[in-house]
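Engineer: coordinates only, sequence not included:
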C-alpha cells in the first residue's frame with residue numbers, strides 16, 4: 001500500500017480494485033479528457049492570479065509546465081499507473097515536478113466535481129458542434145437532390161403499398177424537413193452548454209472569492225452556473241442532446257429503409273455506384289447496398305446508448321454521484337461519434353443514389369396511384385366522395401381482373417363510360433386525370449408535391465439552413481475567440497513573471 005496524499009485516508013484502493021475502476025493506466029483519458037482539463041486549468045489559474053488568490057510566479061510556473069505537457073501530447077504521463085484516476089495522476093505529476101508550494105495551488109477554490117462537469121460541457125460542446133455541422137451538410141445534399149428531382153415522378157408509399165403520385169424530390173424534401181426538426185432538437189438541447197459549472201466546487205459553491213464569470217468567459221461560455229448543486233449533480237444536457245441525436249438516427253434509418261427497398265431487383269427504382277455497394281463472398285451476381293444496413297443498425301445503437309445512460313442515472317441521488325458522472329455518461333461519447341459516422345455514410349448514399357425515372361413512373365402507373373384523384377374528379381362532378389371512392393375501387397378491381405396493369409392502358413373515354421354506367425350519372429375523365437405527373441403537379445394544397453407548395457417548402461428549409469449555418473459559425477467564432485483570449489492571457493502572464 002502507498003500513501004494517498006490525503007489526510008483522511010491512509011491507504012489507496014487495492015491494485016485489483018484500482019484496475020477495475022481506473023484501468024491499468026490513463027492513456028485513453030489522456031486523449032479524451034486531459035486536453036479539456038488542462039484548458040480549464042489554464043483559465044482557472046489566470047483567474048486565480050487576477051483575483052490575488054495565487055502568486056504570479058507560482059501560476060506562471062504551472063502554466064509553463066501545463067503548456068509543455070499539452071505540446072508534448074502528455075507524453076510524460078503515458079503508460080503510468082493511475083491508482084486514483086487521471087486527474088490525481090496529472091496533479092501529482094505537477095506537484096512532483098514543481099513542488100507542493102506551486103503545484104498545490106492548482107486546485108484552489110474548486111473540486112473534481114465541478115471540474116468534471118466542466119470537462120463534460122466542453123467535450124459535449126465539441127461533439128454537438130461537429131454533429132450539427134455534419135447534419136447540416138447532409139441536409140444541404142438532401143435539399144440539392146430534392147430540387148434536382150422535383151419532377152421525377154414516383155409513388156408515395158403507405159404501408160409499403162403505392163398510394164398516390166409524388167416525386168423523388170418531394171420524398172427527399174420530406175426527409176430534409178424531418179432532419180430540420182432533428183437539428184433544431186440538438187440546438188435546443190445544446191442551450192444547456194452555455195453555462196460553465198466551474199465554481200460550483202463540491203456542489204455548494206465555495207467561500208474562496210473566485211470569479212466564476214471570468215473563468216466562464218475565458219472558456220467560451222456565456223455565463224457561469226447559477227446553482228452549484230445542479231451544476232455537479234445533473235448531466236441532463238448530455239442526455240437531452242443524446243436523445244435528439246437518437247431521433248436524428250431514426251430519420252437516417254427510415255431513409256435507409258426506403259432506399260434499400262427501392263434498390264431491390266423487385267423495385268429497381270434506385271441504383272448505387274460500385275463504391276457504395278459490396279459483393280457477396282459466395283453469390284457472384286449480388287450487389288449489396290450494405291451501407292444502408294449500417295445506417296439502420298446504427299440508429300439502434302443510438303437508442304441503446306440513450307437507454308443505457310438514462311437507466312444508469314435513474315434513481316440516483318441528486319448530488320455528485322459516480323453512477324451519473326462516470327457510468328451514466330460513458331455511453332454518450334461513442335454514441336455521438338457513431339452519429340457523426342452515420343451522417344457521413346448518409347451523405348455518401350444520398351449523393352450517390354441514382355434514381356431510375358422510368359421505373360419510378362412505371363411504379364406510379366402500375367400502382368393505380370391516381371385512383372384518389374379520379375375519385376376527387378368525380379366529386380367535382382357532383383358525386384359524393386364515398387360513392388366516388390367505392391366506384392373507383394370497383395373499377396380498379398375489374399381492370400386488374402381483366403389483366404389491365406394501369407389506367408394508362410385504357411382510353412379516358414372508355415373509363416368515363418364504365419364509371420358513368422356504374423354510377424348511373426354522366427362523368428368525364430381526361431388524360432390529365434390519369435397522368436401521375438399531372439396529378440402530382442395539381443396538389444397545390446396541404447403541402448403536396450405541386451410546384452408552388454414544393455418551392456415554398458424548399459425555400460423555407462433553405463432559409464432555415466442558412467440561418468443555422470450562420471448560427472453555428474457564430475458560436476464557433478465565439479469559442480475560437482475565447483481560446484485566443486485565454487492563450488494571450490497565459491502568454492502575457494508567463495512573460496510578465498519571467
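Structural biologist: Noted; the coordinates are in hand. In this text the structure is predicted, and so the values were computed from the model without any measurement.
Engineer: where does pLDDT dip in this protein?
Structural biologist: Along the chain, the model assigns pLDDT under 70 to residues 1-26, 83.
Engineer: so how far is stretch 101-115 off the chain centroid?
Structural biologist: Here stretch 101-115 is found 35 Å from its chain centre; the criterion is CA atoms, centre = their mean, to the nearest Å.
Engineer: can you list contacts of that stretch?
Structural biologist: Residues from elsewhere that reach stretch 101-115, judged by CB atoms under 8 Å, 6 or more residues apart in numbering: 37, 40-41, 44-45, 48, 53-55, 58-59, 61-62, 87, 91, 94-97, 197-203, 206, 208, 210, 228, 231-232, 320, 325. C-beta here means a position set from N, CA and C on the backbone, and glycine is covered the same way.
Engineer: from the residues you listed, which ones fall inside helices?
Structural biologist: The members of the contacts of stretch 101-115 that map onto helices under DSSP state H are 37, 40-41, 44-45, 48, 58-59, 61-62, 87, 91, 94-97, 228, 231-232.
Engineer: of those residues, select the buried ones using a PyMOL command.
Structural biologist: This is the PyMOL syntax for the buried subset of the ones in helices among the contacts of stretch 101-115, where burial follows 16 or more other CB atoms under 10 Å:
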select buried, resi 37+40+41+44+45+48+58+59+61+62+87+91+94+95+228+231+232
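Engineer: strands of the protein, start to end?
Structural biologist: Ranges of strands in the chain, per DSSP state E, are 153-158, 161-167, 195-196, 223-224, 270-271, 354-355.
Engineer: tell me which of those sits nearest to residue 241.
Structural biologist: Residue 241 lies closest to strand 195-196 among the strands of the chain, at 14.2 Å (CB to CB).
Engineer: mind listing what that closest one pairs with, with the direction of each?
Structural biologist: Applying DSSP bridges to the sheet, strand 195-196 is found paired with strand 223-224 (parallel).
Engineer: which residues touch the strand it pairs with?
Structural biologist: So strand 223-224 is contacted by 194-199, 212-213, 215-216 (CB under 8 Å, 6+ apart).
Engineer: can we see that at 7 Å?
Structural biologist: The contact list for strand 223-224 (CB atoms under 7 Å, 6 or more residues apart in numbering) reads 194-196, 199, 212-213, 216.
Engineer: those residues, buried ones only, as a ChimeraX selection?
Structural biologist: Only the buried entries of the contacts of strand 223-224 go into this ChimeraX selection, using 16+ other CB under 10 Å:
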select :194,195,196,199,212,216
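Engineer: how much space between residue 88 and residue 197?
Structural biologist: Distance of residue 88 to residue 197, given as CB to CB, to the nearest Å: 19 Å.
Engineer: between the two, who's got more neighbours?
Structural biologist: residue 197 (27 against 18; other CB atoms under 10 Å).
Engineer: ok, now which ones touch that one?
Structural biologist: Taking CB under 7 Å, 6+ apart, we find residue 197 in contact with 114, 117-118, 121, 225, 231-232.
Engineer: now render the residues you listed as JSON lines, adding distance to residue 495.
Structural biologist: Supplementary listing: these in JSON lines, determined by distance: CB to CB, whole Å:
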{"residue": "114", "distance to residue 495": "30"}
{"residue": "117", "distance to residue 495": "32"}
{"residue": "118", "distance to residue 495": "27"}
{"residue": "121", "distance to residue 495": "30"}
{"residue": "225", "distance to residue 495": "32"}
{"residue": "231", "distance to residue 495": "34"}
{"residue": "232", "distance to residue 495": "35"}
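Engineer: which of those residues sits closest to residue 361?
Structural biologist: Proximity of those to residue 361 (CB to CB) peaks at residue 121, which lies at 52.2 Å.
Engineer: ok, now which ones touch the residue lying closest to the closest one once chain neighbours are set aside?
Structural biologist: Closest residue to residue 121 apart from its sequence neighbours, by CB to CB, 6 or more residues apart in numbering: residue 193 at 5.6 Å. Neighbouring residues of residue 193 by CB under 7 Å, 6+ apart: 121, 124-125, 128, 237.
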